[in-house]
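S.K.: structure, please.
(chains A and B)
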Amino acid sequence: MKSRSRRILAACLAVVLIAAGTSQCVFLLRHPYFRKYAAQNGISLREAREVWGKPDRDAEQILGMIVEAGEENWQKVADLAARKDLHNEVGTYYYNLANAMLGRLPDRLMDYYQPFERGLFLPVGPGSTPFKIACAGDVWFQLGYMPLAERDAMLGLLFSPEHTGSRYLRRLAETNLVTGDYEAASKFLRILLNSPADREWAEQRFPDRWSPAYELRIAEKRQFLPRFDMVHGMEQAPVALRILLSSNAANHPALDYLLCYDLLTKDLDAFVGDFDPSLTRSQLYEEAMLIFLAAKGGMTADNLQHYHISQQTFERFNRFVTLYKRDNGSAKNLTADFGNSYWYYFYYAVKNETK
Amino acid sequence: MKRSSTLPCLILALLLLACSRPYDVRPCGPDTDRTTFIFPDYTEVTIPCNIAPLHFYYTDPAGKDFATTFSAGGTSVTLKGREVVWKEKKWQKLLQAAAGNAIEVSSAWKSNGHPENRHWLLQVERDAIDPYLTYRLIEPGFEVWDDLEIVERHLENFDTRIISDYRHTENKCMNCHIHAQGRGDRSMFYLRGEGGGAILNRDGRLRKLTLKNEAMISPTVYGEIHPDGRFGVFSTNQIIPAMHSAGGRRMEVFDAASDLCVADFDENRMLVFPAYSREDVWETFPAFSADGRFVYYCAAEARQLPAEIEQTMYSLVRIPFDASTGTLGSPADTLWSASRRGLSVCHPKASPDGRWLLFTVADYGTFPINHPECDLCLMDLSNGQLIDLTLVNAPKSDTYHSWSSDGKWFVFASKRGDGLYGKPYFCHVSPEGKVSKPFLLPQKNPYFYNQMLRSFNVPDLGNAPVGFDAAEIGRIWKEVPAEPFE
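M.R.: Numbering: from 1, shown residues only, chains lettered A, B, ... in the order given. Prediction:
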């Protein structure tokens, strides 16, 4: 009797364990990025579910973009973003970053949800959520502005559940390797060295052990570093971008970010000041220039040529204006043909401050 | 049955043991934050006769067979291993044997098979240090914070006590705790935000105060309590955070305006003075002289910031203080002229014995913790001479200092090494003005600082425990309304 009840007990236990294991496996299969993101933040899956709750499909998509962006798999980020336009600031932020790194930010900017400048730079301050703060430095690291990349990594670490997330420690190590502050970098490399999951990564980044590929990566990053010191406000993205461009005019992602920032904030005066048609071209920029030229009475052949505005874009703009006037400013008949034009954004996008 | 279940556990344990590695000491050497053969670097330092055991480790990654021999007064102790960790009684016995003299230390190990030897001294001073140190533990933040704690450490051992923290205050911001003249029963700090105020510990009694009136540009920020306890002198500051684009200074913080004021803790009054509330002059970092008859502070000509940040330099000024009325008087006596020296002074602190004035000097500005060039500077108040602190200062920021109650020791926060995290270092000052090489606050775990990701902010010495704890502060934060000041 006794051994039978033991067997039943063991069988029940096995069923429970198998069920729990199966449930865990199913969860992991359905949420691989949640698991990776939790690991990068230095917590177990169970802790992550306690802290962040169970992720839904949208959250998994955003976490996927974050994780893939961390590994600089830009096409994967873009593919994930394209699955569904989540109308989410963080989602747009990573989609924009991926498109910038793939050299197509202005060409794709109007194809998906743009929460004004918050899709380019996530605000960092007492009112920001820890989740957004933790993501905010990724764009600065890619554009080459290490002071803000480091600041946001510090804050990401500050808000990671155990204050030890390897995602932020790695970034802190690397920003300092790029700026040449090896003393600061060694602090973070040493901590990472004590984590089995990060040991190899850290060892490869000791300055005397860099591979030729990593040396090249650092050299490329250093080309984009600001060449002069200037003190500026904490949330002055355009100033930081202009510093980057003054230091290296060939920093195309920074240039696109600056121009897109001007356009998303509808600051056409700033855009015209920042836009040099000899450096970059895009349909988006043509469309923006047409609004400016029309408003300033500058629709001359010379200007159209100078700003590389094609005949096709010019004619399309005229059609937009005609319909706009005919319908007294109503968007009703413009959405289908012009919904992804800058003109449509300029006239109809309304900033939702609470979003 | 029993045997079969124990065996796998044993194998598993052995496997785990085999896989586990000690703390990795790399990277070390030039261009890292571990440039010396031991960390913390306790070679040739001067320590007080009542300090906790100095635990350290050898940084040589290729080293093995480490042996460290300490000899003093006929006593000799040899500790083997990379980590030098003491039994407390043995350490105390050695300190007693060496008081007033040096401990001779011999370090020997093999590096890649080659023998290595170092001989160094630990000078043990008979002057005991105030046994309590308070500090705020904070991650380097930029306008935001999380999980702040103010801790009191017993310097004679490794005991710590949390005296205010995020757990009891719903994660409120709290500023650093300062003692008055090193007294444990007289101190203050700020709890910011809703329910907050200045927490004043006056002769062991706690009060929560709103140190602001409508004539002031902000609540009080930097300041000190008068030796008599009735008054406090403070600055009010409009503080603006900003970023550097390059050059390793990271964050800059400057004042868009700042004035001086006095708080009367007996009458609940704030005293403001037109002469020290001028728009064209910024005054900050006030501190009392040891006898309470003067106030030292820093003053700069108002400028357009951040554009003129590099031209913003603060002079060190002294003015009379009337302890019967709480009045800031005149004339102002400039002890250090910023325009003449081309440098900027911050944080003057007078030693409680009246002999010394310790302050920091940076290239410019008013927030030197991110200025690597920021150094400590010591003035002998008996003759106005500056003392050479070459042995004390490091190529990273050295600042936020405080004195022991007898004026024989000071502590400061240094970012030497990684440049990011402040750590408390202690120095002895002899009557002749000889300042010893600083030593780092010892910790139980010799690898403690390797894993530490928080700064020891504003370390402050006290001769006795402060007598309150985080739970009491939490209760005051929740239940006690802040006393208004007129």
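S.K.: and the strands in the stretch 201-350 of chain B?
M.R.: In the stretch 201-350 of chain B, the segments counted as strands under DSSP state E, counting those that start in this stretch are B:205-210, B:220-225, B:231-244, B:251-264, B:269-272, B:281-288, B:294-301, B:315-322, B:327-328, B:333-336, B:344-350.
S.K.: out of those strands, which is closest to B:Arg475?
M.R.: Nearest to B:Arg475 among the strands of the stretch 201-350 of chain B is strand B:205-210 (9.6 Å), distances taken as C-beta to C-beta. (C-beta placed from N, C-alpha, C; glycine too.)
S.K.: so for that closest one, what's the average pLDDT?
M.R.: Here strand B:205-210 scores 96 as its mean pLDDT.
S.K.: in its sheet, what does that strand sit against?
M.R.: Strand pairing for strand B:205-210, determined by DSSP bridges: strand B:197-202 (antiparallel), strand B:483-484 (parallel).
S.K.: distance check, the nearest residue to A:Gly165 once chain neighbours are set aside against chain B.
M.R.: Distances taken as C-beta to C-beta, 6 or more residues apart in numbering or on different chains place A:Asn41 nearest to A:Gly165, at 4.0 Å, with adjacent residues excluded. A:Asn41 is 14 Å from chain B, where distance means C-beta to the nearest C-beta, to the nearest Å.
S.K.: contacts only, for A:Asn41.
M.R.: The contact partners of A:Asn41, taken as C-beta atoms under 8 Å, 6 or more residues apart in numbering or on different chains, are A:48, A:160-162, A:165, A:167.
S.K.: quick one: low-confidence ranges for the stretch 51-200 of chain B?
M.R.: The model of the stretch 51-200 of chain B has pLDDT under 70 over residues B:142.
S.K.: quick one: A:Glu150 and A:Tyr94, what's the gap?
M.R.: Taking C-beta to C-beta, to the nearest Å as the measure, A:Glu150 and A:Tyr94 are separated by 20 Å.
S.K.: next, give phi and psi for A:Ala254.
M.R.: With angles defined as degrees, to the nearest 10, A:Ala254 sits at phi -70, psi -40.
S.K.: over to the one 5 residues further on?
M.R.: The phi and psi values for A:Leu259, taken as degrees, to the nearest 10, are phi -70, psi -40.
S.K.: over to B:Tyr425?
M.R.: Phi and psi for B:Tyr425, reported as degrees, to the nearest 10, are phi -120, psi 150.
S.K.: nearest to A:Ala19, of the contacts of A:Asn41?
M.R.: Nearest member of those to A:Ala19, counting by C-beta to C-beta, is A:Ala48, at 21.0 Å.
S.K.: show me the contact partners of the helix or strand the closest one falls within.
M.R.: Assignment of secondary structure by DSSP states H and E places A:Ala48 within helix A:45-52. Defining contact as C-beta under 8 Å, 6+ apart, one finds that helix A:45-52 is touched by A:24, A:27-28, A:34-35, A:37-38, A:41, A:43, A:161.
S.K.: tell me the pLDDT of residue 355.
M.R.: No chain in the question, so chain A it is. Turning to A:Lys355, the model gives it a pLDDT of 40.
S.K.: I was thinking of chain B, sorry if that wasn't clear
M.R.: pLDDT for B:Arg355: 98.
S.K.: that one and B:Leu381 touch, don't they?
M.R.: Yes - checked against C-beta atoms under 8 Å, the pair B:Arg355 and B:Leu381 is within contact range at 6.1 Å.
S.K.: residue contacts, the residue sitting nearest the centre point of chain B?
M.R.: Closest to where the C-alpha atoms of chain B average out (C-alpha atoms, centre = their mean) is B:Pro459, at 2.7 Å. For B:Pro459, the contacting residues are B:133-135, B:400, B:402, B:411-413, B:424, B:441, by C-beta under 8 Å, 6+ apart.
S.K.: got it, and A:Thr175?
M.R.: By C-beta under 8 Å, 6+ apart, the contact list for A:Thr175 reads A:141, A:146, A:149-150, A:153.
S.K.: that older thread, can you confirm the residue nearest to the centre of chain B is in a strand?
M.R.: Yes - counting by DSSP: H, G, I helix; E, B strand; the rest coil, B:Pro459 falls inside a strand.
S.K.: residues near residue 81, how many?
M.R.: Here I'm looking at chain A. Summarising burial for A:Ala81: neighbours were counted as other C-beta atoms under 10 Å in any protein chain shown, giving 26.
S.K.: think we crossed wires, I meant chain B
M.R.: Counted with other C-beta under 10 Å, residues neighbouring B:Gly81 total 14.
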